[in-house]
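Q: any chance you could fold what I've pasted below:
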Amino acid sequence: MREREYRIRRRESADLDGCVRALAEVHKADGYPMVWPDRPADWLADADQLACWVAIAPDGAVVGHAALAPGSDSSAAHVWAERTGRAPDRTVALSRLYVAPVARGHGLGAELLAVAADYARSAGLWPVLDVVTENGAAVGLYERQGWTRMLTVDQQWPDGQVVAVHCYAMGEGGGTAHTGD
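A: Residues are numbered from 1 along each chain as shown. Just a heads-up that it's a prediction; the model follows:
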């Protein structure tokens, strides 16, 4: 259980500088995002996002972040649609989820994930996500929280690199439990 001095709330525009600072710490420690954005605040505040949350430390610093965006363009949304027979526009993609190294071990990643998933389900949408296969910590978090790995696919990113990603859906949303690749 996380310590009570940390809290999760909706992101405000005034939080973006703190979000970028925390993201820079994550990038230095873990290499996320794999390609550092030219304009990280814009990358975090993508106009297509439906909702965003931050984790706040006792001193008021932003130490975590999660966002939801329309899922219809994600690989996971299309895999989910194929498996369920529903339209990919019934999904929402979890993205930009991270917790600064200084705040890890307090359950903030799981709480950000749960808050975003609850919001999606209350809007009648099914949460999905794509995660780089090499991000073992994130994969572990999603699987511990009951997300279902549906498939692993290659994605071509805007910079031209091809990256293997696992496609996940929340709970039983269109796949069988992962049993190995």
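
Q: okay, how far is it across stretch 98-106, tip to tip?
A: Separation of the first and last residues of stretch 98-106 by C-alpha to C-alpha, to the nearest Å is 13 Å.

Q: so where is the protein shaky, pLDDT-wise?
A: Applying pLDDT under 70 to the chain flags the ranges 1-4, 172-181.

Q: what about Arg121, neighbour count?
A: Here the count is done by other C-beta atoms under 10 Å, and Arg121 has 15 residues near it. (Glycine included, C-beta is placed from N, CA and C.)

Q: now it. Nearest residue, chain neighbours left out?
A: Computed as C-beta to C-beta, 6 or more residues apart in numbering, the closest residue to Arg121 that is not its neighbour in sequence is Pro127, at 7.2 Å.

Q: OK, contacts around the one you found?
A: If a contact means C-beta atoms under 8 Å, 6 or more residues apart in numbering, then Pro127 has 68, 71, 91-94, 116-117, 120-121, 169-170, 173 as its contacts.

Q: next, format those residues as a markdown table and append distance to Asp30 and secondary structure.
A: A markdown table is the format used below for the contacts of Pro127 (distance: C-beta to C-beta, whole Å; DSSP: H, G, I helix; E, B strand; the rest coil):
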| residue | distance to Asp30 | secondary structure |
| --- | --- | --- |
| Leu68 | 22 | strand |
| Gly71 | 24 | coil |
| Thr91 | 26 | strand |
| Val92 | 24 | strand |
| Ala93 | 20 | strand |
| Leu94 | 17 | strand |
| Ala116 | 20 | helix |
| Ala117 | 22 | helix |
| Ala120 | 25 | helix |
| Arg121 | 28 | helix |
| Ala169 | 24 | strand |
| Met170 | 23 | coil |
| Gly173 | 27 | coil |
